[in-house]
Every structure is written in C-alpha cells, then in structure tokens.
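1. Provided below for reference: sequence and predicted model.
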Amino acid sequence: MKKILITGASGFVGSHLVEEALERNLNVYAGVRKTSSRQYLKGDRIHLLEMDFSNKKELTQKLKDHKFDFIVHNAGVVSVPKLKDYYRINYEFSKTFIEAIYASENSLDKFTYISSLASYGPANSENLSDFLKEEDNRNPINTYGKSKLKTEEYLAQQSDFPYIIIRPGGVYGPREKEILTFFKLINRNIEGYIGSRDQHLAFIYVKDLARAIVDATISQHTQKAYFISDGKHYTQWDLGKYAKRILNKKTFRFHVPVNLVRSIAWLLEQPAKITGNYPALNLEKVSILESMNWKCDITPLKNDLGFEPEYDLEKGLEDTLNWYKENKWL
C-alpha cells in the first residue's frame, strides 16, 4: 500500500484530501501542528504526524523514519496580520520542507504543491473573455499570491524533483468558513456585494478538487502545473441567486462601494496586529474582490488527467448549504 503524507490536514481542504486518499486505499498520514484541531481526522486508518516546518532537522528525521511515496503539501496561510508571515509560512517553511526531503534521501514518487490562482493574479480585466493560461505573464496582486509564486519559482529550480503544482480557483464546500458569512446574511434576507460591476469568478467544489489532487499525485506526470476550476465561470451575483433558491429566501440587496470597503478592512485589521485574530474582511481579500476577471483555463488538466468536474456551482452549493444546515452552521 502506497504511503502518502498530507500536510495542513486539519484544515478545510486538507481534511477532504485525507478522506479522498483513504477512499483510494492509500496509507494516509495527516501532517498537523501540535495545536491543530483533530475534529475531522478521526479513525484508525488515519496516522497523525505532528510537524514543525521551522525545524529542518526534525522534519528530516521524520521523513527518514516514514519514507513516504507521495507528499501533498497543503499547509500554509491565507490570512495573517503581518505581511512578512505570508513569506515565512508559505515560502520559507515550504523551502525548508523541500530541503528536508532532499536531506532525508527519501525517494518520492511525487510532491504535490497546493498553490493558488493568486500566484498569477487576475486575467485581463479589460477583456473579460480572457482566461488565465500557463504561458501568461504572472502579476500577483497581493502578498499571499506573491508568497505562493515564490514557492512555485523555487520548485521550478529543482530540476530533479518530481513535483506537481495545483492552482485552484475559489474553493468552497462543507467545512469552509470564510464564504459562510455571505450565506448567513442570505439566510437573514440580506444580500450584500462589494461594488456593482460584474466580476468573473472561477469556483471549484472541494470534493472535485480533492479528487483531482490525488489523481495528479498518483499520475505519471511530473514537473507540471495546472489551474483547476469547474470549467465554467460565474459572476458574484450567481452566488446569491443559487443560495436564495436553495435556502428559499427573498433578500434586500445592497452594494457597498469598493473604496468604503477598503477603508473598513483597514480599520478591522488594526486590532489584529495586537490580538492576532485576523478578520475575514482584510486588505489582502479586498484586492481579490475588486479584480474583475479570475477565469482560468483547465484544458491541460483535462488533457493530462482526464479531469471532469462532477459539481458545478449550483450543485455544489446545494450540498454545501445542506451540510451547513445539518451541522447547525446556518
């Protein structure tokens, strides 16, 4: 039985990756921090492995001890109070981890790095028919995206390293918390948007994402990178339209000017610099929300891996909202 390590396993995407890997009959090790929740990592088939990505010596020893066939590096941060921490956690820790893999002399079949569309920045906002493609110039617009790009560039320098890079669009599904705020408002008959221009968005349901990541990890393809979405594009209004239908709600709809939202985000960030409790609405997130075009080309993923999404946004939201209700999140 092939042995797989999934880092960031306690989080939203990571816990679904663990479940998908178990369904493929892989021997699953869930990489977690000492303080990580184990809520979604229960069961005798899941081996928990505490990991400190700042400690290369300890990482090297654990990799020597376990000799993994596959590693999916999903650990990282999306929101932190200090901008330098994006680079420290998303880039420097990833670099240390890869150095530890070399030092362990672990002969990996595949190292799969979970990156983001943000590593490229948006597609052409003047021509909304454009899609992000691998050959496009990269221009990340926030620190999170720049930190992901830096790790991708480091991986690309490793000519003898069997890596795959996956760049998801907006990931949603059961256990996701950030977009939940929008649905809670819909459930209270309130529908709020930032700005009033159409924004073209790419979404991927977490179970489709997990399936594609495991497919890429166990495939023969290496030293390649893929965008992933459900292959369609949506406007921000579609989120509200589907949620209202599924929840059977009528709403009061309003639009908040982008400049006002940016000011609010700045104010919300100030206490976080002291408390460390970073708000869901922050300047990094606003930079994403005000960009008009996040469509991406998934043709290479389809051609190489035969990827066909099972969920579009409407079907995926129905599953997600039902899960929120069943688990009393909504």
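-> Arrived safely, thanks for sending.

2. C-alpha only now, for contacts and for neighbours.
-> Noted.

3. tell me where the stretch 201-330 of the chain has helices.
-> 206-218, 236-247, 258-275, 283-289, 299-305, 313-326 (DSSP state H, counting those that start in this stretch).

4. how about those helices in CSV, adding mean neighbour count, mean pLDDT and distance to Asn90?
-> As requested, the helices of the stretch 201-330 of the chain are exported to CSV (neighbours: other C-alpha atoms under 10 Å; pLDDT from 0 to 100; distance: least, C-alpha to C-alpha, whole Å):
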stretch, mean neighbour count, mean pLDDT, distance to Asn90
helix 206-218, 22, 98, 19
helix 236-247, 16, 93, 28
helix 258-275, 15, 73, 19
helix 283-289, 18, 71, 15
helix 299-305, 15, 96, 24
helix 313-326, 17, 97, 28
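
5. among these, which comes closest to Gly76?
-> helix 283-289 (15.4 Å; C-alpha to C-alpha).

6. distance to Lys82 added to the helices of the stretch 201-330 of the chain, as a markdown table?
-> Converted to a markdown table, the helices of the stretch 201-330 of the chain look like this (distance: least, C-alpha to C-alpha, whole Å):
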| stretch | distance to Lys82 |
| --- | --- |
| helix 206-218 | 28 |
| helix 236-247 | 29 |
| helix 258-275 | 7 |
| helix 283-289 | 11 |
| helix 299-305 | 34 |
| helix 313-326 | 31 |
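
7. closest one to His73 among those helices?
-> helix 206-218 (10.7 Å).

8. what packs against that closest one?
-> helix 12-23, strand 70-73, strand 110-114, strand 163-168, strand 170-172 (3 or more C-alpha pairs under 8 Å, 6 or more residues apart in numbering; DSSP states H and E).

9. angle of that helix against strand 163-168?
-> Relative orientation of helix 206-218 versus strand 163-168 (axes from the mean of the first three to the mean of the last three C-alpha atoms, to 10 degrees): 170 degrees.

10. which residues does the closest residue to Glu176 other than its chain neighbours contact?
-> Once flanking residues are discounted, Glu176 sits nearest to Phe12: 5.8 Å by C-alpha to C-alpha, 6 or more residues apart in numbering. Applying C-alpha atoms under 8 Å, 6 or more residues apart in numbering, we find Phe12 in contact with 174-176.

11. for Arg167, same thing?
-> 114-117, 225-228.

12. any chance of these in JSON lines, plus pLDDT?
-> Below are the contacts of Arg167 laid out as JSON lines (pLDDT from 0 to 100):
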{"residue": "Ile114", "pLDDT": "98"}
{"residue": "Ser115", "pLDDT": "97"}
{"residue": "Ser116", "pLDDT": "96"}
{"residue": "Leu117", "pLDDT": "94"}
{"residue": "Ala225", "pLDDT": "97"}
{"residue": "Tyr226", "pLDDT": "97"}
{"residue": "Phe227", "pLDDT": "97"}
{"residue": "Ile228", "pLDDT": "97"}
